[in-house]
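Trainee: give me the fold of what follows.
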Amino acid sequence: MSAIAVLGAGAWGTAIAVGLARAGHRVTLCARRAEHAAAMRARRENEAYLPGVPLPAALALSDRWVEAAGTAEVVVMAVPSGFARTAMTPVGAALGAHTTLVSVAKGIEDGSLKTMSAMLAEAAPAVSRVAVLSGPSFAAEVARSKPAAVVAAARDDAVARDVQELFASRSLRVYRSTDVVGVELAGAAKNVIAIAAGICDGLELGASARAALITRGLAEVGRLATSAGGRAETMAGLAGLGDLVLTCTGELSRNRALGLRIGRGEPAGASTESEHGAAGGRPVAEGMSNARAIRRLAQRMGVEMPIVAAVCRVLYEGAAANAMVEELLSRELKAEF
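Mentor: Okay, here's the model as predicted:
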């Protein structure tokens, strides 16, 4: 039995905490706001982000992040990427070499273009046991013990194995990998592709268009990840193809839902209002906050990502949703591979 602090009481952080508490671990779920923690404590439910899922009686609730993290053997960071460094910097000083630090956030940092594990290495310099957990998984399904499979990645295979064993349960199968950068960049970039998939569905372009977009989107994600040192086989696995398919097609996908609204005529700017689960409001569509960062990273690395670039023009430059499709279809003909 491990002492675990889950930092971030959004849908995914809550689902992680519920699963670990059910497995018998001593878990503290930490909310950003004291009133949010108090409401969950009183109702034994996270009505704001994961309604209908009872919180186990043994699950502790707090808004004191440094205190909870400082006494934990494992710290799980479930903070959206745009807020992660601010949230983790004061916590990082309280963590020692014995701590295992696991990121379950999918995104890269806007200013530095660092992955979450790279950011955590700076925010918590004493910690050497850093891992990430990613893959095709909706919080509402995992919290209700519906079957899913994810991947735990760490540069040290022994750390990846420890995290794999910690999170594995009868309903959650966990594989492991040492391709941290591949797993993280796949998880971040697929959110932007999912917005494009939602736009296509909102425009009612059909299943053939969606399949083409997912396939070419996977090619873009793979180019970015492998250029950064990730492995090609990771793109064919849970963190790559698996998560991309789920996020582009699943009814619970926030990124696809954002694209759907845009494709159906809602202005892109209106779709961003209050989408910051770290501070309240609607849950985060990470692709919205990450699209420009992914485009900048691709440009810096000399990687061609036309779908990501087209999504950015819709989100930030006033391009029409149907113009995105026309732009992609009118590109110069070329060999597939």
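Trainee: list the contacts for residue 320?
Mentor: residue 314 (CB atoms under 8 Å, 6 or more residues apart in numbering). Heads up, the C-betas are built off the backbone N, CA and C, glycines and all.
Trainee: show me where pLDDT drops low in this structure?
Mentor: 269-284 (pLDDT under 70).
Trainee: identify the single longest helix in it, thanks.
Mentor: helix 180-202 (DSSP state H).
Trainee: and the contacts of whichever helix or strand comes after that one?
Mentor: Proceeding N to C from helix 180-202, the next assigned helix or strand is helix 207-227, under DSSP states H and E. By CB under 8 Å, 6+ apart, the residues outside helix 207-227 that reach it are 181-182, 185-186, 189-190, 193, 196-197, 200-201, 232, 234-235, 240-241, 244-245, 248-249, 294, 297-298, 301-308, 325.
Trainee: domain-wise, how is the chain divided?
Mentor: If you go by automatic domain parsing, the domain ranges for the chain are 3-178, 189-329.
Trainee: if we can go back for a sec, angle of the longest helix of the chain against helix 207-227?
Mentor: If you take axes from the mean of the first three to the mean of the last three CA atoms, to 10 degrees, helix 180-202 sits at 160 degrees to helix 207-227.
Trainee: and helix 180-202, how far out from the chain middle?
Mentor: Distance of helix 180-202 from its chain centroid, counting by CA atoms, centre = their mean, to the nearest Å, is 10 Å.
Trainee: for stretch 311-325, same thing?
Mentor: Per CA atoms, centre = their mean, the centroid offset for stretch 311-325 relative to its chain is 23 Å.
Trainee: over to stretch 67-76?
Mentor: That offset, for stretch 67-76, works out to 21 Å (CA atoms, centre = their mean).
Trainee: separation between residue 76 and residue 90?
Mentor: For residue 76, the distance to residue 90 (CB to CB, to the nearest Å) stands at 17 Å.
Trainee: for residue 16, same thing?
Mentor: Distance of residue 16 to residue 90, given as CB to CB: 21 Å.
Trainee: those two: which has the busier surroundings?
Mentor: residue 16 (26 against 12; other CB atoms under 10 Å).
Trainee: format the domains of the chain as TSV; extra columns: distance to residue 335.
Mentor: Conversion of the domains of the chain to TSV gives the following (distance: least, CB to CB, whole Å):
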stretch	distance to residue 335
domain 3-178	30
domain 189-329	12
